[in-house]
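[1] A predicted structure for the sequence below; I have some questions about it.
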Amino acid sequence: MTDQPVPEGFVPYQPVSPFMETLGPLFTCFEPPDVYRVGLYLRPSHCNLAGGVHGGVVASLCDITLARAVRARELT
């Protein structure tokens with residue numbers, strides 16, 4: 001995992017695919033009825049050549065967050 005603490009209000013998220021393991025560790029926070037957050041501590045491997053967060057990381061987090069939010073709604 002990481003030496004970083006779990007952010008306040010979040011819980012560790014267990015990756016469900018090898019790809020997700022490359023992003024993580026990931027953390028999630030669900031605030032019913034419809035707020036779902038996914039977070040991670042940024043590493044140099046998450047950055048583009050300009051030093052910002054790579055668009056692929058942002059797109060992946062959006063994909064994970066949307067899928068988890070839909071699933072959470074289905075369970076409530």
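    Here it is on my side, so go on.
[2] roughly how far apart are the residue nearest to residue 31 when sequence neighbours are not counted and residue 67?
    Nearest residue to residue 31 in three dimensions, chain neighbours excluded: residue 37, at 8.0 Å (Cβ to Cβ, 6 or more residues apart in numbering). Backbone N, C-alpha and C define where each C-beta goes, glycine included. Distance, residue 37 to residue 67, by Cβ to Cβ, to the nearest Å: 13 Å.
[3] Give me the residues contacting the host helix or strand of residue 72.
    Assigned by DSSP states H and E, residue 72 falls within helix 55-75. Helix 55-75 has contacts (Cβ atoms under 8 Å, 6 or more residues apart in numbering) with 19-20, 23, 26, 28, 30, 32-34, 36-38, 40, 46, 48.
[4] and if we set it to 6 Å?
    30, 36, 38, 46 (Cβ atoms under 6 Å, 6 or more residues apart in numbering).
[5] for the second one, phi and psi?
    Pointing back at residue 36 there. Here is the backbone geometry of residue 36 (degrees, to the nearest 10): phi -130, psi 130.
[6] Any stretches of the chain with poor pLDDT?
    Residue ranges of the chain with pLDDT under 70: 1-2, 75-76.
[7] go again using 50 as the cut-off
    Applying pLDDT under 50 to the chain flags residues 1.
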